[in-house]
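# build the 3D model from these lines:
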Amino acid sequence: MPPDTPLFAPLPPLAQGVLDVGDGHRLYFERCGHAEGLPVLFLHGGPGSGCSPRQRQLFDPARFHVVLFDQRGCGRSTPRGDCHANTTRELVEDIERLRLHLGIERWLVFGGSWGAALALAYCSAHPQACLGAILRGSFLCGQADLDWFFGAEGVGAICAEAWSALCAALPEAAEGRALAALCAALGGPDTQAAARAALAWAAWENAVIAPGQAPPAPPARDDAAIRALIDKYRVQAHYLAHRCFLDEDGVLEAARRITAMPSALIHGRLDLVCRARNALRLHRALPGSRLRLVDGAGHSPFEPAMAAALIGALEHFAVHGDFSHWRAD
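Below you'll find the model as predicted:
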């Protein structure tokens with residue numbers, strides 16, 4: 001591994017496939033690592049983001065058999081950007097269909113941000129299929145999280161320049177109607193308005209995830225990239241407008257129902273997307289969970305301190321099968 005990062009070297013998937021889950025949706029999935037290794041399910045965030053090759057690098061390919069898939073409407077799943085029959089309930093059942101399709105008896109569930117909330121929904125619905133859970137940067141799906149992320153008095157007060165830029169691109173943000181305006185633009189027939197909304201949302205999200213860093217260049221004049229961005233944020237807007245079909249009470253209730261499952265909560269102390277208070281609340285709700293707040297880390301799983309914490313938790317579970325002796329300080 002390179003000395004400046006704990007990530008493992010990039011490797012191609014063992015296999016790739018597409019699973020028809022009904023309702024017109026077909027899910028892209030891939031298997032990575034060691035075919036006889038400890039099965040791990042990776043749940044991406046967003047909602048709407050899809051998986052990336054870099055996410056494979058969190059897992060030791062000699063130890064783990066990792067399954068990654070793009071959720072309905074996301075990434076390489078089709079139809080991309082489609083919100084029809086696309087709710088958390090359908091996603092939970094998609095995961096179970098995928099497990100049965102691959103012939104995996106039980107797996108460790110690994111989810112970050114929105115993926116952590118989806119992991120809780122799945123683990124509570126299908127506990128017999130789950131060895132344990134590792135949850136990073138947990139999103140609780142409630143109004144408090146939305147007000148924080150889309151509010152002038154929330155993270156907008158910290159990332160002030162980026163907030164001003166969002167308000168310039170989307171005046172409704174200054175009036176407390178950012179999400180409603182984004183939903184209208186991304187779901188409407190005006191493709192130019194949808195592109196402006198998607199680019200503004202992407203710039204804001206990047207600024208909050210990596211404050212103080214130069215933002216990535218927007219996909220100017222790249223119609224395919226802009227179309228992908230619109231599809232991504234259309235799905236995300238659909239979920240956030242419905243509080244991910246869970247709301248905060250639903251996420252915490254799902255956690256309370258998981259009574260005998262090893263679980264590790266890992267959260268960056270400097271996370272501006274999902275505040276560390278989310279992890280503290282989840283820790284109180286999730287029986288027997290172990291919590292680690294990572295100094296110097298934010299929301300991204302690829303920051304060195306966060307990646308090291310995640311890889312350490314994975315390695316501990318591979319050796320011990322639980323988190324009872326995992327150092328969570």
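# if I look at the residue nearest in space to the middle of the chain, how far off is V273?
Centroid-nearest residue in the chain, with Cα atoms, centre = their mean: G45, separated by 1.5 Å. G45 sits 9 Å away from V273, going by Cβ to Cβ, to the nearest Å. C-beta coordinates here come from the backbone N, C-alpha and C atoms, glycine included.
# what do you get for R54?
18 Å.
# show me where the protein has helices.
88-102, 114-125, 143-149, 160-169, 178-187, 191-209, 223-241, 247-257, 276-285, 304-320 (DSSP state H).
# so what sits against both of G45 and V273?
113, 137, 139 (Cβ atoms under 8 Å, 6 or more residues apart in numbering).
# would JSON lines of those with neighbour count be doable?
Shown next, in JSON lines, are the shared contacts of G45 and V273 (neighbours: other Cβ atoms under 10 Å):
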{"residue": "S113", "neighbour count": "25"}
{"residue": "G137", "neighbour count": "30"}
{"residue": "F139", "neighbour count": "29"}
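# looking at the residues you listed, which is nearest I158?
G137 (16.5 Å; Cβ to Cβ).
# follow-up on the earlier one: which of the helices of the chain has the highest mean neighbour count?
helix 114-125 (a mean of 26; mean count of other Cβ atoms under 10 Å).
# roughly how far does the residue nearest to the centre of the chain sit from H238?
Distance, G45 to H238, using Cβ to Cβ: 15 Å.
# and what of G188?
13 Å.
# wait, C141 touches A241, no?
No. Proximity of C141 to A241 does not meet the contact threshold set by Cβ atoms under 8 Å, at 11.6 Å.
# hmm, G17 is touching F29, no?
Yes. Using Cβ under 8 Å, G17 is in contact with F29, at 5.6 Å.
# who has more neighbours, these two?
F29 (21 against 14; other Cβ atoms under 10 Å).
# show me what contacts that one?
Counted by Cβ under 8 Å, 6+ apart, F29 has contacts 16-19, 67-70, 98.
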